[in-house]
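*Asks:* Show me the folded form of this:
(2 chains)
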Amino acid sequence: EAGVAQSPRYKIIEKRQSVAFWCNPISGHATLYWYQQILGQGPKLLIQFQNNGVVDDSQLPKDRFSAERLKGVDSTLKIQPAKLEDSAVYLCASSSLVVLGSDTQYFGPGTRLTVL
Amino acid sequence: DQQVKQNSPSLSVQEGRISILNCDYTNSMFDYFLWYKKYPAEGPTFLISISSIKDKNEDGRFTVFLNKSAKHLSLHIVPSQPGDSAVYFCAMGGANNLFFGTGTRLTVIP
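*Replies:* Now for the predicted structure:
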């Protein structure tokens, strides 16, 4: 069974530029998550999708971050414009059940973003 | 406000001995608890989980213990192997969110 795919693996941009990350979850997984992991910290949830609908985006900085999952499968996370403090690893995860807390999330390898 | 704390950033253990990783939390509404293992340049990999109705779950060399009254979660690895060297994150959730600790780097010395 293929795991969660993410691209690109690494990205270096200058502040105020835009960047987009792509995620393809495990086949059949209805729930998709985007996390931000800053160096030395644990992953922090940015947004959770159930199929193509948003379940929780309370910690997404909506003035600069956006995410979509139009067909309920792949997802993109965009930052526009980027700030220095956005430097982090962006992790995508997926799970098969609706209710968080009763199923396991499987993570992709992450995209390491460096903002100069 | 850190709801999940892993107070030991690193741990070194001799091969064959027991590794004990600890995690403390503040939110009594958490009802599902997990441990993830992370190698460099890879995403976290699920290791083991436990629900709040249990106090112990075992899977091979890995055992997770939950003490709800103390709000304490631990992971025991016995015997420890060099391949277990990685960063271990505890994670826990309830309704719509999963909170992670800051991680403990385990080094198993051959």
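*Asks:* and the closest residue to A:E14 other than its chain neighbours, what does it touch?
*Replies:* Leaving aside its chain neighbours, A:E14 sits nearest to A:L116 (5.2 Å; criterion: Cβ to Cβ, 6 or more residues apart in numbering or on different chains). For glycine as for every other residue, the C-beta is placed from the backbone atoms N, C-alpha and C. For A:L116, the contacting residues are A:12-15, A:84, by Cβ atoms under 8 Å, 6 or more residues apart in numbering or on different chains.
*Asks:* For PyMOL, write the select line for the buried members of those residues.
*Replies:* Buried members of those, defined by 16 or more other Cβ atoms under 10 Å in any protein chain shown, are picked up in PyMOL with:
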select buried, chain A and resi 13
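*Asks:* Can you tell me which of the contacts of A:L116 end up in helices?
*Replies:* The helices, defined by DSSP state H, take in nothing from the contacts of A:L116.
*Asks:* want to try a markdown table for the contacts of A:L116, with distance to A:V73 as columns?
*Replies:* Listed next are the contacts of A:L116 as a markdown table, based on distance: Cβ to Cβ, whole Å:
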| residue | distance to A:V73 |
| --- | --- |
| A:I12 | 28 |
| A:I13 | 26 |
| A:E14 | 32 |
| A:K15 | 32 |
| A:L84 | 33 |
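*Asks:* and the contacts of A:L116 as TSV, adding pLDDT?
*Replies:* Formatted as TSV, the contacts of A:L116 follow (pLDDT from 0 to 100):
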residue	pLDDT
A:I12	97
A:I13	97
A:E14	97
A:K15	95
A:L84	97
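*Asks:* And the residue nearest to A:E14, how close does it get to chain B?
*Replies:* Distance of A:L116 to chain B, computed by Cβ to the nearest Cβ, to the nearest Å: 21 Å.
*Asks:* same check, this time on A:T114
*Replies:* 14 Å.
*Asks:* for that residue, what are its contacts?
*Replies:* Contacts of A:T114 (Cβ under 8 Å, 6+ apart): A:10-13, A:87.
*Asks:* Output the set of residues of chain B in proximity to chain A.
*Replies:* Taking Cβ under 8 Å from any Cβ of the partner chain, the part of chain B that reaches chain A is made up of B:4, B:6, B:31-32, B:34, B:36, B:41-46, B:49, B:51, B:89, B:91, B:93-103.
*Asks:* which secondary structure elements does the helix or strand bottoming out on mean pLDDT in chain B contact?
*Replies:* Within chain B, judged by mean pLDDT, DSSP states H and E, the helix or strand with the poorest mean is strand B:98-100; its value is a mean of 87. With contacts taken as 3 or more Cβ pairs under 8 Å, 6 or more residues apart in numbering or on different chains; DSSP states H and E, strand B:98-100 sits against strand B:86-93.
*Asks:* Would you list the strands that the strand it packs on pairs with, along with their directions?
*Replies:* Its sheet considered, strand B:86-93 pairs with strand B:32-38 (antiparallel), strand B:98-100 (antiparallel), strand B:104-109 (antiparallel) by DSSP bridges.
*Asks:* what does the shortest one contact?
*Replies:* Right, strand B:98-100. So strand B:98-100 is contacted by A:33, A:42-45, A:100, A:105, B:3-4, B:25, B:27, B:30, B:34, B:36, B:89-93 (Cβ under 8 Å, 6+ apart).
*Asks:* ok, now the first one?
*Replies:* Defining contact as Cβ under 8 Å, 6+ apart, one finds that strand B:32-38 is touched by A:100-102, A:104, A:107, B:21, B:44-52, B:62, B:64, B:66, B:73, B:75, B:84, B:86-94, B:98, B:100, B:103.
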